[in-house]
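Student: below are the sequence and a predicted model for it; my questions follow.
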Amino acid sequence: MNILKNLCWLILLSLILNACRADDTYNYGADTGGYGGRGWPIWVEQLVFNESWGAPVGALSGGRPDVSERLPGGKAAVLGYVPLPETIRARWFSYRTQTFYEATLVISEEKRSQIKEWFERYPRKKFVHNLVTGISGEGTMQAWWFVGCVNFGCPEEYESHYFELAPRIQATVAEGDARIHSAGTEQEVEMGNLPPEVLDLIPPDS
């Protein structure tokens, strides 16, 4: 009888834990873009959420200097069911300035509550939810929450909404050897994305 009772408790505990996980995790994607316009390509080495998990990024270029009406375009990743972000940390290299940058955005409890409200207001059956980060070759970073209609029944014009998760902040200049990105810098110059004089900024081989 005790074995059966313990088994019932284990099953109940498992159901409670699963319910907690369902409440605390959400299914969304992530978009990472750049702003500053043409001529500010970057390489994002790290994009880490909650200091525990991350998303791949790599090379970014272009973007929109003015993000008041449209968010910067970029790369996207599907993250699946993950906790809402409390922090977003990035480390990147600016080809234009030959500089490494690091920055951490803090998402307030108020903004995380707003995300939960938007999951209710814009159900996933009809809308896709995305966390969008904007990372600049000039050394700044920002984040938004974005939803867009992706299913039948959308208005004739594509319906989308977004709000600011964290304001733009200035990153900290970080340590790093710019020579490891010299091949990428040369390629960006050959493609016309950077002026040739940027090559003069690459440190000489020691």
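Tutor: Nice, thanks for sending it over.

Student: list phi and psi for the residue nearest the centre of the chain.
Tutor: By C-alpha atoms, centre = their mean, the mean C-alpha position of the chain lies nearest to Thr133, the distance being 4.0 Å. Backbone torsions of Thr133, given as degrees, to the nearest 10, read phi -110, psi 140.

Student: Ala171 too?
Tutor: Dihedral angles (degrees, to the nearest 10) for Ala171: phi -80, psi 170.

Student: and Glu197, by the same measure?
Tutor: phi -70, psi -20.

Student: likewise the one 4 residues further on?
Tutor: Backbone geometry at Leu201, expressed as degrees, to the nearest 10, gives phi -80, psi -10.

Student: how close does it get to Ala166?
Tutor: Separation of Leu201 from Ala166 (C-beta to C-beta, to the nearest Å): 30 Å. Any C-beta I mention is one placed from the backbone N, CA and C, and that applies to glycine too.

Student: who has more neighbours, the two?
Tutor: Counting neighbours by other C-beta atoms under 10 Å for Leu201 and for Ala166 shows that Ala166 has the greater number, 19 against 13.

Student: can you list the strands that the helix or strand harbouring that one pairs with?
Tutor: Ala166 is part of strand 160-170, with elements assigned from DSSP states H and E. Strand 160-170 pairs in its sheet with strand 140-149 (antiparallel), by DSSP bridges.

Student: may I have the strand it pairs with as CSV, with CA atoms only?
Tutor: The C-alpha trace of strand 140-149 is given here as CSV (Å, rounded to 0.1, in the frame of the first residue of the first chain):
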residue,chain,number,x,y,z
THR,A,140,25.5,49.8,-29.2
MET,A,141,22.8,47.2,-28.5
GLN,A,142,19.0,47.2,-28.1
ALA,A,143,16.2,44.7,-27.9
TRP,A,144,12.4,44.5,-28.8
TRP,A,145,9.6,42.0,-28.6
PHE,A,146,7.9,41.4,-32.0
VAL,A,147,4.8,39.5,-33.1
GLY,A,148,3.6,38.9,-36.6
CYS,A,149,0.5,37.2,-38.1
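
Student: now do that strand: distance to the chain's middle.
Tutor: 8 Å (C-alpha atoms, centre = their mean, to the nearest Å).

Student: need the contact partners of that strand.
Tutor: The contact list for strand 140-149 (C-beta atoms under 8 Å, 6 or more residues apart in numbering) reads 31, 67, 71, 88, 90, 103, 105, 107, 111, 114-115, 118, 122, 126-135, 155, 158-171.
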